[in-house]
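> The following comprises the amino acid sequence and a computationally predicted model.
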Amino acid sequence: MRILIKNGTIITASDHYRGDLLIEDEIVTTIGTVLIGSADRVIDASDRYVFPGGIDVHTHLDMPFGGTTSADDFETGTVAAAFGGTTSIVDFAIQYKGQTLHHAWETWMKKAEGKAAIDYGFHMIITELSDQVEQEMDALVTQGVTSFKLFMAYPGVFMLDDASIFRALLRTGQNGGTICMHAENGGVIDVLVKKALGEGKTAPKYHALTRPARAEAEATHRAIALAEMADVPIYIVHLSAAEALEMVTAARDRGLPAFAETCPQYLFLSYDNYEESGFEGAKYVMSPPLRPRETHERLWRGLAFNDLQAISTDHCPFCMKEQKELGRGDFSKIPNGAPGIETRMSLVYDGGVRTGRIGLSRFVELTSTSPAKIFGLYPRKGTLAPGSDADLVIFNPHRKTTISARTHHMRVDYNPYEGREVAGVSETVISRGRIIIDNGKFVGRAGAGSFIKRSPRTI
Ligand code: URP
Ligand code: ZN
Ligand code: ZN
């Protein structure tokens with residue numbers, strides 16, 4: 001199958017130019033100013049950008065959490081991702097206590113097989129570390145699961161102590177894996193939660209008020225200090241607070257390999273959302289929580305100046321009905337997480353590029369290239385070059401759309417950005433040479449996505 005994309009403006013993390021691009025089977029084979037020749041399908045991309053497919057390195061599909069399971073499975077979640085211009089995800093497999101990492105990996109592979117419409121990889125969440133688990137970490141790195149998420153929050157569920165964190169960091173120094181850290185001080189938060197509930201403070205907003213920015217900053221600082229002592233890089237996930245960003249910036253200024261992502265919710269939503277009437281604030285219960293509105297510009301600056309290297313979604317959807325409702329009368333029982341896998345590219349284009357906060361190449365870098373480099377997918381994915389996977393998006397920057405739960409494809413009964421108008425729509429999306437979104441219509445297939453064996457760290 002040959003697909004020729006003509007007259008587009010091709011954007012990579014380093015270049016923009018008008019050109020044509022030829023896909024043969026799964027691969028981009030030729031890029032040129034004007035390509036002539038036969039093709040099974042010719043797509044006119046005039047007045048449109050041609051971006052590398054979006055890479056979302058933080059999703060939770062079909063994940064048991066908070067007494068329920070995230071509402072999107074690998075079919076509905078990856079179809080929604082495709083609509084939004086994302087062609088690869090890295091999801092999280094969870095090692096529950098007493099289980100091996102390989103058992104967790106097999107469990108999550110089964111969840112994805114036959115369902116995923118786009119390519120997928122896995123990070124491994126480690127909740128218990130032993131000598132055997134450390135050996136398994138080595139094996140997983142060789143098998144393409146090259147990153148591990150550790151938690152400094154959720155005591156008794158996911159949280160690891162500093163000694164275990166340090167051992168895991170040291171291990172990645174030998175095996176080439178990367179530690180991803182959920183950086184919030186879980187002990188402090190637990191005390192604040194119990195105190196609030198004891199005082200009868202049960203509304204959703206207390207989720208945010210019991211998870212202070214300083215608890216995130218302290219854990220971010222500690223995580224980076226532990227990584228420095230282990231002499232390995234570290235990647236902070238879902239960074240939300242300006243105070244935590246200061247820790248990453250200070251570390252990077254000292255030359256440390258500290259990396260961090262933020263997510264659209266921390267760039268567009270704020271603490272004010274928790275003050276919405278009734279139980280509406282539950283829509284935004286996630287950890288870390290939304291921060292004051294003034295944080296937005298601090299995070300955008302971090303993104304522009306490379307103190308933050310990636311924008312992922314932390315897509316972890318729970319319906320208001322029957323799921324978020326579990327926490328009516330007790331905010332600590334509201335399942336943590338929110339949907340976003342479908343809206344990332346349009347939101348970041350609209351709020352970042354259209355407004356002039358970041359340029360087009362930086363947009364590509366943050367949503368595709370840099371996550372691909374950090375997580376061992378580059379140069380197969382994350383760029384448009386001869387020989388790279390034909391994962392790409394034909395993006396119309398002039399078309400506007402209004403985000404709504406009535407029209408989105410995520411299997412969740414609300415959208416945190418309901419009614420927001422954004423400029424920039426992923427019109428046609430190609431995954432390894434297969435058109436999966438054709439002018440706004442899904443024409444892909446559940447199960448067509450493949451497991452991506454990722455390379456060990458090069459950072
Ligand atoms: O609230 C969140 N972020 N839910 C997903 C789990 C996590 O910590 O990433
Ligand atoms: Zn987390
Ligand atoms: Zn997450």
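Thanks, I have the structure now. Ligands and ions are numbered 1, 2, ... in the order given.

> Just the pLDDT for I459.
Reported pLDDT at I459 in the predicted model: 73.

> just checking, it touches V232?
No: the pair I459 / V232 is not scored as a contact, 10.1 Å apart, by CB atoms under 8 Å. Any C-beta I mention is one placed from the backbone N, CA and C, and that applies to glycine too.

> Of the two, give the one with the bigger neighbour count.
Each of I459 and V232 has its neighbours counted (other CB atoms under 10 Å); V232 has more, 21 against 13.

> That one sits in which helix or strand?
Using DSSP states H and E, V232 falls within no helix or strand.

> Repeat that for A372.
Counting by DSSP H and E, A372 is found in helix 370-374.

> Off-centre distance for that helix?
Centre-to-centre, helix 370-374 and its host chain are 12 Å apart (CA atoms, centre = their mean, to the nearest Å).

> what's the answer for stretch 384-396, then?
19 Å.

> Averaged pLDDT, that stretch. What do you get?
Stretch 384-396 carries an average pLDDT of 98.

> what does stretch 98-106 give?
pLDDT averaged over stretch 98-106 gives 98.

> got it, and stretch 311-331?
pLDDT averaged over stretch 311-331 gives 98.

> hey, C-alpha coordinates of it in PDB?
Only the C-alpha atoms of stretch 311-331 are listed here, as PDB (Å, rounded to 0.1, in the frame of the first residue of the first chain):
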ATOM      1  CA  ILE A 311       3.000  16.800  27.800                       C
ATOM      2  CA  SER A 312       1.100  13.500  28.500                       C
ATOM      3  CA  THR A 313      -2.500  13.100  29.700                       C
ATOM      4  CA  ASP A 314      -2.600  10.800  32.800                       C
ATOM      5  CA  HIS A 315      -5.800   9.700  31.100                       C
ATOM      6  CA  CYS A 316      -7.600   7.900  33.900                       C
ATOM      7  CA  PRO A 317     -11.400   8.300  33.300                       C
ATOM      8  CA  PHE A 318     -14.100   7.500  35.800                       C
ATOM      9  CA  CYS A 319     -17.800   8.300  35.100                       C
ATOM     10  CA  MET A 320     -19.600  10.600  37.500                       C
ATOM     11  CA  LYS A 321     -22.400   8.100  37.600                       C
ATOM     12  CA  GLU A 322     -21.500   5.100  39.800                       C
ATOM     13  CA  GLN A 323     -17.800   5.800  39.900                       C
ATOM     14  CA  LYS A 324     -17.000   9.400  41.100                       C
ATOM     15  CA  GLU A 325     -20.200   9.000  43.100                       C
ATOM     16  CA  LEU A 326     -18.500   6.500  45.300                       C
ATOM     17  CA  GLY A 327     -17.100   9.500  47.100                       C
ATOM     18  CA  ARG A 328     -20.300  11.400  47.800                       C
ATOM     19  CA  GLY A 329     -20.000  12.300  51.500                       C
ATOM     20  CA  ASP A 330     -16.200  11.400  51.600                       C
ATOM     21  CA  PHE A 331     -13.800  13.000  49.100                       C
END
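
> and it with ligand 1, contact?
Yes: judged by CB under 6 Å from any ligand atom, stretch 311-331 and ligand 1 are in contact via 314, 316.

> Only the buried residues of that stretch, if you could.
Residues of stretch 311-331 classed as buried by neighbour count (16 or more other CB atoms under 10 Å): 311-319, 323-327, 331.

> ranges for the strands of the stretch 201-350 of the chain?
234-236, 258-262, 310-311 (DSSP state E, counting those that start in this stretch).

> One more: the stretch 1-150 of the chain?
Going by DSSP E, counting those that start in this stretch, the stretch 1-150 of the chain shows strands at 2-11, 16-24, 27-32, 41-44, 49-52, 54-59, 64-65, 68-69, 86-94, 119-125, 147-151.

> Dump those into JSON lines; add distance to ligand 1 as well.
Converted to JSON lines, those look like this (distance: least, CB to the nearest ligand atom, whole Å):
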{"stretch": "strand 2-11", "distance to ligand 1": "29"}
{"stretch": "strand 16-24", "distance to ligand 1": "34"}
{"stretch": "strand 27-32", "distance to ligand 1": "33"}
{"stretch": "strand 41-44", "distance to ligand 1": "37"}
{"stretch": "strand 49-52", "distance to ligand 1": "25"}
{"stretch": "strand 54-59", "distance to ligand 1": "7"}
{"stretch": "strand 64-65", "distance to ligand 1": "6"}
{"stretch": "strand 68-69", "distance to ligand 1": "12"}
{"stretch": "strand 86-94", "distance to ligand 1": "7"}
{"stretch": "strand 119-125", "distance to ligand 1": "9"}
{"stretch": "strand 147-151", "distance to ligand 1": "7"}
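
> so which of those is the most packed in?
Most buried of the strands of the stretch 1-150 of the chain, by mean neighbour count (mean count of other CB atoms under 10 Å): strand 54-59, with a mean of 28.

> Quick check: mean pLDDT of that strand?
Here strand 54-59 scores 99 as its mean pLDDT.

> who touches that strand?
Here strand 54-59 makes contact (CB atoms under 8 Å, 6 or more residues apart in numbering) with 77, 81, 84-92, 123, 237-238, 261, 263, 310, 312-316, 341, 344-345, 367-368, 371-372, 374-375, 377, 381-382, 393, 426.

> Skipping its backbone neighbours, what lies nearest N7 in space?
Using CB to CB, 6 or more residues apart in numbering and skipping the chain neighbours, the partner closest in space to N7 is S46 (4.3 Å).
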